[in-house]
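> no sequence for this one, just the structure:
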């Protein structure tokens, strides 16, 4: 079975670089499975886990949105944030989830921008908690 190079990059650092068999990502249009030989493309990513498959081993990475660029023999994920389960502070993520839920439930004097920020914070916290739990 052939492989391709996967690089996951955030503004701060290179998070992951390794030859992999396939990945599953959630783009804005839905889930995408990327395997060797996939057609070149660029698409935005949702706040969701990326599943990395290598042989019988699967890894998950919590991605905080970004873009994926698929090339002939390389895939680059440019993510706002990327965390493997072992680096997630689940207590901090749960606290962030509770704060975001409180902000969303208190509709008083909240403009659209603050509401959208709270929704994004909630999505990121839930994503991190889900990846940590798997």
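All right, it came through fine. Note that this is a predicted model, so its numbers are computed, not measured. Numbering: from 1, shown residues only.
> most residues in a single helix of this protein, which one?
Longest helix of the chain, by residue count under DSSP state H: helix 112-132.
> quick one: buried residues of that helix?
118, 121-132 (16 or more other CB atoms under 10 Å). Yep, even glycine has a C-beta here, placed from its N, CA and C like the rest.
> As TSV, those with distance to residue 49 and pLDDT would be great.
Below are the buried residues of helix 112-132 laid out as TSV (distance: CB to CB, whole Å; pLDDT from 0 to 100):
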residue	distance to residue 49	pLDDT
118	21	81
121	17	84
122	16	81
123	12	84
124	12	86
125	13	85
126	11	84
127	6	83
128	9	82
129	11	83
130	7	85
131	5	86
132	10	84
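> of the residues you listed, closest to residue 64?
Comparing those against residue 64 with CB to CB places residue 124 closest, at 5.2 Å.
> isn't the closest one right next to residue 64, touching?
Yes - using CB atoms under 8 Å, residue 124 is in contact with residue 64, at 5.2 Å.
> Now for these two: what residues contact both?
47, 81 (CB atoms under 8 Å, 6 or more residues apart in numbering).
> just how off-centre is the longest helix of the chain within its chain?
Chain-centre distance of helix 112-132: 12 Å, with CA atoms, centre = their mean, to the nearest Å.
> got it, and stretch 79-99?
11 Å.
> For the residue lying closest to residue 21 once chain neighbours are set aside, name its beta-bridge partners.
Distances taken as CB to CB, 6 or more residues apart in numbering put residue 53 closest to residue 21, at 5.0 Å, once the chain neighbours are dropped. Each beta-bridge partner of residue 53 is listed here, defined by DSSP bridges: residue 22, residue 58.
> Based on its surroundings, how many neighbours for residue 53?
By the criterion of other CB atoms under 10 Å, residue 53 has 16 neighbours.
> Domain parsing of the chain, as residue ranges.
4-85, 89-133 (the TED database).
> For the ones you listed, which has the smallest mean pLDDT value?
For those, mean pLDDT drops lowest on domain 89-133, to a mean of 80.
> What separates the first and last residues of that domain, distance-wise?
11 Å (CA to CA, to the nearest Å).
> Since that was my last question, I'll sign off now.
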